[in-house]
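[1] Mind looking at a prediction? Sequence and model below.
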Amino acid sequence: MNEIAKYARIGPGTLYRHFPNRDELLAAVYISEVEKLAEAQRKFSAALPPIEALRAWMVVFIDYIAAAIIIAPALNAIAGGPSRVYQQTTRVMEKAANALASRAVASGDLRPDVDPMDMLRAIYGVSSAGNTDDWPAKARLFVNILIQGSRP
């Protein structure tokens, strides 16, 4: 924690006031990554046509996966396990994905039988299947395949 405070150019007391222990800090970092997904959903929904908003958000989801891969080992070591953090953040992701998919279904750009969480699971599968450095590029290509295959 002292090293993190030094890197952040703050005093250790400031860090400990906000995060009483390492586990709380890790949870906050992970939650902030998921909150970026929620913010991206709102931004894309306001600025883009429904199917393009969904596509753009899925690309941001790839960036989230990249960050999650880095933090996952530490998060899994949290005392009592990470389930509390995962439950909270899964709801945020589901809400964002469902909002985007609902707009795309309403516009006629997405089949109503498409489960947006299945689309996210498919993208996550690309990140874990090959375990290669180029998985983000492959996942971005896969987003287009998923979108095309989910059209009416």
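    All right, it came through fine. Numbering: from 1, shown residues only.
[2] Now the most centrally placed residue in the chain: which helix or strand?
    Centroid-nearest residue in the chain, with CA atoms, centre = their mean: residue 64, separated by 4.0 Å. Here residue 64, judged by DSSP states H and E, is contained in helix 50-76.
[3] Residue ranges in this protein under the pLDDT threshold?
    By pLDDT under 70, the weakly predicted segments of the chain are 1, 130-131.
[4] all helices for the protein, in order.
    With DSSP state H applied, the chain shows helices at 2-8, 12-18, 22-47, 50-76, 83-106, 116-129, 135-149, listed in chain order.
[5] thinking again about what came up before, isn't the residue nearest to the centre of the chain up against residue 38?
    No: counting by CB atoms under 8 Å, residue 64 stays clear of residue 38, with 10.7 Å between them. For the C-beta atoms, the positions are set from N, CA and C on the backbone; glycine is no exception.
[6] residues near the closest residue to residue 123 other than its chain neighbours, how many?
    Nearest non-adjacent residue to residue 123, counting by CB to CB, 6 or more residues apart in numbering: residue 139, 5.4 Å away. Per other CB atoms under 10 Å, the neighbour tally for residue 139 reads 24.
[7] can you check residue 56 too?
    When neighbours are counted by other CB under 10 Å, residue 56 registers 19.
[8] Looks like it contacts residue 44 (just checking).
    Yes: Residue 56 is within contact range of residue 44, at 4.9 Å (criterion: CB under 8 Å).
[9] and the gap between residue 145 and residue 118?
    Using CB to CB, to the nearest Å, we find residue 145 at a distance of 13 Å from residue 118.
[10] Kindly apply the preceding question to residue 139 instead.
    Distance of residue 139 to residue 118, given as CB to CB: 15 Å.
[11] swap in residue 82?
    According to CB to CB, residue 82 stands 23 Å off from residue 118.
[12] more crowded one of these two?
    Between residue 82 and residue 118, residue 82 has the larger neighbour count (other CB under 10 Å), namely 20 against 12.
[13] List the contacts of the more buried one.
    Residues in contact with residue 82 (CB atoms under 8 Å, 6 or more residues apart in numbering) are 27, 30, 75, 76.
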